[in-house]
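> attaching a predicted model along with its sequence, questions to come.
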Amino acid sequence: MLSLENKVAVITGGGSGIGLATAKLFAKRGASVVIAERDEDTGVAAVSAIEAEGGTACFIRTDVTEFSQVEAAVNLAVEQYGRLDVMFNNAGAGIFKPLLDTEPEEFDLVVRVNLHGVYHGILSAGRKMRDLGIAGVIINTTSVYAYIGSKGVVGYHAAKGGAKTLTQAAALELAPLGIRVVGIAPGTVNTPIIQGYIAMGMEERLAKAQMRKKIIEPEQVAEVVAFLATDAADAINGSVLPVDDGLLSFKF
């Protein structure tokens, strides 16, 4: 029940961080993977890394703020591999600025990537799974910031909070089709999105936010995503699982 053999997955933001770690793990466990990534260099490199380990993957340049590009990634999965079982809406972006210094266009960009991108993935994958008669799984990356407040990331809060409740609403609507919609809420993960904070000398503070005082590695999150994609997780639907080493459970 933990196998991903013969499954086909689309992973947005699959060229780095959580997306890359998940793509590698999916391929290692037998899935065919479409790397839907805005940056061509990292997307191509991800495919090369997977193929070097004997896995199956392809790349399509994808800006998740454009529905047509997300839909193209979904269509490629079916054209290339014959089906679509898993959609991992993972692409993200953040801007660190105080609320009153954040310009509307900056807020809009963060919301378009982190919320509209999830909506585009749910819509395109949900339609394709319905049309193919596949009881697939749609997995969305939200954040612990969907639950708590923090300074300097107002757009990220808005988007991730929206992605959390969007996950719940989509799960309810797609349940009659046999499609599950679930989410993960990572804590502080060692991805490109936090490198700016680390450069500002905030690494120790970020680590302290977890109960065991360590920044989480992308591979740890990938293991949870892989589990949610399997038949073993069939009873999990409409839930957003914290992957935070206890960040939400205490005040530091």
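Great, that's in hand.

> hey, where'd the strands end up in the chain?
With DSSP state E as the criterion, the chain has strands at 8-12, 32-37, 56-61, 86-89, 137-141, 180-186, 240-243.

> return the most buried member of those strands.
Stretch with highest mean neighbour count among the strands of the chain: strand 86-89 (a mean of 31; mean count of other CB atoms under 10 Å). (Glycine included, C-beta is placed from N, CA and C.)

> for it, which strands pair with it and how are they oriented?
Paired with strand 86-89 in the same sheet, following DSSP bridges, are strand 8-12 (parallel), strand 137-141 (parallel).

> may I see these arranged in JSON lines, with distance to Leu247 as well?
Listed next are the strands paired with strand 86-89 as JSON lines, based on distance: least, CB to CB, whole Å:
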{"stretch": "strand 8-12", "distance to Leu247": "24"}
{"stretch": "strand 137-141", "distance to Leu247": "15"}
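
> and Leu20, which of those is closest to it?
Nearest to Leu20, of all those, is strand 8-12, at 8.5 Å by CB to CB.

> residues contacting the closest one, please?
Around strand 8-12, the neighbours that count as contacts under CB atoms under 8 Å, 6 or more residues apart in numbering are 19, 22-23, 26, 31-37, 62, 64, 70, 73-74, 77-78, 81-91, 117, 121, 125, 229.

> contact partners for the residue nearest to Glu40 when sequence neighbours are not counted?
When the adjacent residues along the chain are set aside, Glu40 lies closest to Arg61, with 5.5 Å between them (CB to CB, 6 or more residues apart in numbering). Going by CB under 8 Å, 6+ apart, Arg61 touches Glu37, Arg38, Glu40, Gly43, Gln69.

> which of the residues you listed count as buried?
Glu37, Arg38, Gly43, Gln69 (16 or more other CB atoms under 10 Å).

> which non-adjacent residue is nearest the third one?
When you say that, I think you mean Gly43. When the adjacent residues along the chain are set aside, Gly43 lies closest to Glu37, with 3.5 Å between them (CB to CB, 6+ apart).

> any idea which helix or strand in the protein has the lowest mean pLDDT?
Within the chain, judged by mean pLDDT, DSSP states H and E, the helix or strand with the poorest mean is helix 195-199; its value is a mean of 81.

> what segments of this structure are helices?
For the chain, the helices defined by DSSP state H occupy 17-28, 40-52, 67-81, 104-111, 117-132, 154-174, 195-199, 203-208, 218-228.

> format those helices as CSV; extra columns: distance to Val8.
As requested, those are arranged in CSV below (distance: least, CB to CB, whole Å):
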stretch, distance to Val8
helix 17-28, 10
helix 40-52, 14
helix 67-81, 4
helix 104-111, 29
helix 117-132, 10
helix 154-174, 18
helix 195-199, 31
helix 203-208, 35
helix 218-228, 14
